[in-house]
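Enquirer: let me see the structure of the following:
(chains A and B)
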Amino acid sequence: MNSIPDTLTADAPARVKIERTGKGTTLSFVGVLDVVGTTPLWNRVQHAASNVASNAAASTISALTIDLSGVTSCDTAGAAMLLQAERSHPGPVTFRGAAEAVDTMLSRIRRAALLPQPSPPAPPPGWHAVLQDTLDAAADGFVTLGEVVTAVIRLPKRARMFRLNDLLRAADEAGVQAIPLVALLGILIGLILAFQSLVPMRRFGADIYVANLVALGLVRELGPLLTAVLLAGRSGSAFASEIGTMKVNEELDALSTMGVDRITMLVLPRLLAAVLVMPVLTALMELSGLLGMTLVLTGSGIAPVTVMHQVALAVMPFDVLGGLLKAVLFGAVVALIGCRAGLVTGVGPRAVGRSATTAVVSGILATIALDGLLALLFYRFGI
Amino acid sequence: MAGMVSVDHVSQRFGTHEIYAGVSFEVSRGEIFAILGGSGCGKSTLQRQMTGLLPPSSGTISVLGHDMYGATSDVLTRIGVMFQSGALFGSMNLLQNVMLPLEMHSDLAPDARAEIARVKLSLVGLADAVSLLPAEISGGMTKRAAIARAMALDPPLLFLDEPSAGLDPITAAGLDRLIVDLRDEMGITVVLVTHDLASILAIVDRCLMLDIARAGVIAQGDPRQLRDHDSDPVVHAFFHREMLPT
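Expert: This next block holds a predicted model:
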């Protein structure tokens, strides 16, 4: 007899004694087979049950006997362990000595285990499915754009669905409340750009041209771009979250059943607010940046009036207008992407968060892509 | 009695999975009609089709003589819909919620809109809660406010999705009373989705039962008759709160 020298006492936590003979294996349990008592036994029991055949004579499959006479109680975890041992044993299995309550629990869990099991989860989608989803999402984006254009055309007939209060609230949240952040970021960007440019330019005696460099960079590129990134982070995500939460709460369905066009009521105010506040925020970002630059240059011995003079020489009106035009377009793109992310919010607790993330990431990516396209167009037309 | 809702051989599939097929029924004016069935049998889906939120995979649905999917606001204003969650607009108080349909579809002055909304909220017992936000009220009050909003434009037809779900029996009974009063006093036809047995037997005139296993209608008629005389095992189990024989 090949026995494992376990000491079995009724007062101890659940224990198992494994006895192997030429005829088979006996697993003798003692104690409470609950989730706590089962945990240290599980692997040993399954191992002993599944490896019986290899230890037995090659021509016969040995029997497994599960002795439960020492078990004082058994919960679903204990029953699951015993039934898994029964299933994993290739030969006959006999239960003996089970108290009535333990036997009842075993029967109940055995019946439950016989019910159809759920099919395994679908494998993760392949690259073609991901590509298809991406193309579908892009197509849906154009559908949303078409819906917005249609809503704008029909706006005179649906004027009452366009709520001025929503426009003002969105403008306040996306614009007025962003002023301190935009101003701070502008000053810091101006400081950094001026300082980083000043060091190499001074080596060539060209420190005065730092004003030209920074001003042009801010007005033509960085001002609109950074403001759009801020808008995507602050307001694009907020638009997606607000509308996404409404979707999850069936508020969008409620609007539909009331005959209210959701694009007119929810998207247009936010879109218009973003388009209105973006040029203002961009101008603020640029002025703040120029202020930051002036501080650095003044500190390096260049008079503020000289800096302003250089800026006036470098920056032409079409530079400013081009930057503000970009700001308007960026605002529209960020707002549209944010609102669309909200409208297509899925179900489940993570859906709104995912929509907000999509709004920020897609908003920034689309803004940069559009900026590249506009840079090409401006170059092509000599602006 | 004129037909308010006519559903003719409607089916719904999601991918290859058929939820139900061949569903046909009519709802007459002044009826309280219920769509019954176990969880997942497609009750709410059928209601979404009737309210124009989802096109049927096949078959036709006519509500007040119109195809609801893609219906214009002129048609949509003639139905009221209460969603299971209430779907009240979280940024608006109860008065503003009820005023919204009036604001969207009428030329009434703001004072008049507010007065009508107050009357609707009073009808459902929420006269003193007009300035509360949806987050500040109980589940029963949410359902009542949602019914008030659904009634804002005095539609002849109300769709209610699980009106008593999640409510205590006393509140649910009060809501049942309200639904009967709306029908009796205002002539509103009510189509409701529910599996609340007490409500069904208390207020429903006629019902239709869907079954997930058979993907379609398994019974139609007076719920009390179905309870007492229908021999279908699923119908019997439903009305007697029994487990299905295995």
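Enquirer: CA atoms for contacts and neighbours, from now on please.
Expert: Fine.
Enquirer: what distance do you get for whichever residue of chain B sits closest to chain A to A:Arg158?
Expert: Nearest residue of chain B to chain A: B:Ser73, at 4.2 Å (C-alpha to the nearest C-alpha). Using C-alpha to C-alpha, to the nearest Å, we find B:Ser73 at a distance of 11 Å from A:Arg158.
Enquirer: and if you look at B:Glu31?
Expert: Applying C-alpha to C-alpha to B:Glu31 and A:Arg158 gives a distance of 34 Å.
Enquirer: neighbour count for those two, which is higher?
Expert: B:Glu31 (21 against 17; other C-alpha atoms under 10 Å in any protein chain shown).
Enquirer: so what's the closest residue to that one other than its chain neighbours bridging to?
Expert: Nearest residue to B:Glu31, sequence neighbours excluded (C-alpha to C-alpha, 6 or more residues apart in numbering or on different chains): B:Thr189, at 5.2 Å. Here B:Thr189 shows beta-bridge partners B:Leu157, assigned using DSSP bridges.
Enquirer: now do B:His17
Expert: Residues in beta-bridge contact with B:His17 (DSSP bridges): B:Phe14.
Enquirer: what comes into contact with the strand ranked longest in chain A?
Expert: Assignment by DSSP state E gives strand A:63-74 as the longest strand of chain A. Outside strand A:63-74, the residues that touch it by C-alpha atoms under 8 Å, 6 or more residues apart in numbering or on different chains are A:10, A:14, A:23-34, A:49, A:52, A:89, A:91-99, A:101-102, A:105.
Enquirer: out of those residues, which end up buried?
Expert: A:14, A:24-34, A:49, A:52, A:89, A:91, A:93, A:95, A:98, A:102, A:105 (16 or more other C-alpha atoms under 10 Å in any protein chain shown).
Enquirer: any idea how far B:Arg113 is from B:Asn97?
Expert: 11 Å.
Enquirer: pick out whichever of these two has more residues nearby.
Expert: B:Asn97 (25 against 22).
Enquirer: using PDB, write out every CA atom in the helix or strand hosting that one.
Expert: Applying DSSP states H and E as the criterion places B:Asn97 in helix B:94-105. Extracted as PDB, the C-alpha positions of helix B:94-105 are listed here (Å, rounded to 0.1, in the frame of the first residue of the first chain):
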ATOM      1  CA  LEU B  94     -39.200  67.300 -14.000                       C
ATOM      2  CA  LEU B  95     -41.100  70.400 -15.200                       C
ATOM      3  CA  GLN B  96     -38.600  71.000 -17.900                       C
ATOM      4  CA  ASN B  97     -38.700  67.300 -18.900                       C
ATOM      5  CA  VAL B  98     -42.500  67.400 -19.300                       C
ATOM      6  CA  MET B  99     -42.300  70.800 -21.100                       C
ATOM      7  CA  LEU B 100     -39.800  69.600 -23.700                       C
ATOM      8  CA  PRO B 101     -42.300  67.900 -26.100                       C
ATOM      9  CA  LEU B 102     -44.500  71.000 -25.800                       C
ATOM     10  CA  GLU B 103     -41.500  73.200 -26.600                       C
ATOM     11  CA  MET B 104     -40.500  71.100 -29.600                       C
ATOM     12  CA  HIS B 105     -43.900  70.700 -31.100                       C
END
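Enquirer: which neighbouring elements make contact with it?
Expert: The helices and strands touching helix B:94-105, judged by 3 or more C-alpha pairs under 8 Å, 6 or more residues apart in numbering or on different chains; DSSP states H and E, are helix B:110-123, helix B:139-150.
Enquirer: ok, now with 10 Å
Expert: Packing contacts for helix B:94-105, counted by 3 or more C-alpha pairs under 10 Å, 6 or more residues apart in numbering or on different chains; DSSP states H and E, involve helix B:73-76, helix B:110-123, helix B:139-150.
Enquirer: now tabulate these in a markdown table and tack on distance to A:Arg262.
Expert: Formatted as a markdown table, the helices and strands packed on helix B:94-105 follow (distance: least, C-alpha to C-alpha, whole Å):
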| stretch | distance to A:Arg262 |
| --- | --- |
| helix B:73-76 | 12 |
| helix B:110-123 | 21 |
| helix B:139-150 | 17 |
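Enquirer: out of those, the one nearest A:Ala351 is which?
Expert: Judged by C-alpha to C-alpha, the one of the helices and strands packed on helix B:94-105 that comes nearest to A:Ala351 is helix B:139-150, at 23.8 Å.
Enquirer: the closest one and chain A in contact?
Expert: Yes. Contact of helix B:139-150 with chain A (C-alpha under 10 Å from any C-alpha of the partner chain) involves B:Ala146, B:Arg149, B:Ala150.
Enquirer: on that earlier part again, shared neighbours of B:Arg113 and B:Asn97, anything?
Expert: B:Ala152 (C-alpha atoms under 10 Å, 6 or more residues apart in numbering or on different chains).
Enquirer: that older thread, in the longest strand of chain A, which residues are buried?
Expert: Neighbour-count burial for strand A:63-74 [16+ other C-alpha under 10 Å]: A:Ala63, A:Leu64, A:Thr65, A:Ile66, A:Asp67, A:Leu68, A:Ser69, A:Gly70, A:Val71, A:Thr72, A:Ser73, A:Cys74.
Enquirer: for the helix or strand just after that strand, what is the distance to the chain centroid?
Expert: Next helix or strand after strand A:63-74 toward the C-terminus (DSSP H and E): helix A:76-88. Relative to its chain's centre, helix A:76-88 lies at 39 Å (C-alpha atoms, centre = their mean, to the nearest Å).
Enquirer: same question for stretch B:70-88.
Expert: With C-alpha atoms, centre = their mean, you get 10 Å for stretch B:70-88.
Enquirer: for it, measure first residue to last.
Expert: 23 Å.
Enquirer: so which strand or helix has the one residue sitting closest to the centre of chain B?
Expert: Centrality entry for chain B: nearest residue to the mean C-alpha point is B:Leu160, 1.8 Å, by C-alpha atoms, centre = their mean. Counting by DSSP H and E, the element that carries B:Leu160 is strand B:157-161.
Enquirer: other SSEs contacting that strand?
Expert: By 3+ C-alpha pairs under 10 Å, 6+ apart, strand B:157-161 packs against strand B:32-37, helix B:43-50, strand B:79-82, helix B:139-150, helix B:169-186, strand B:189-193.
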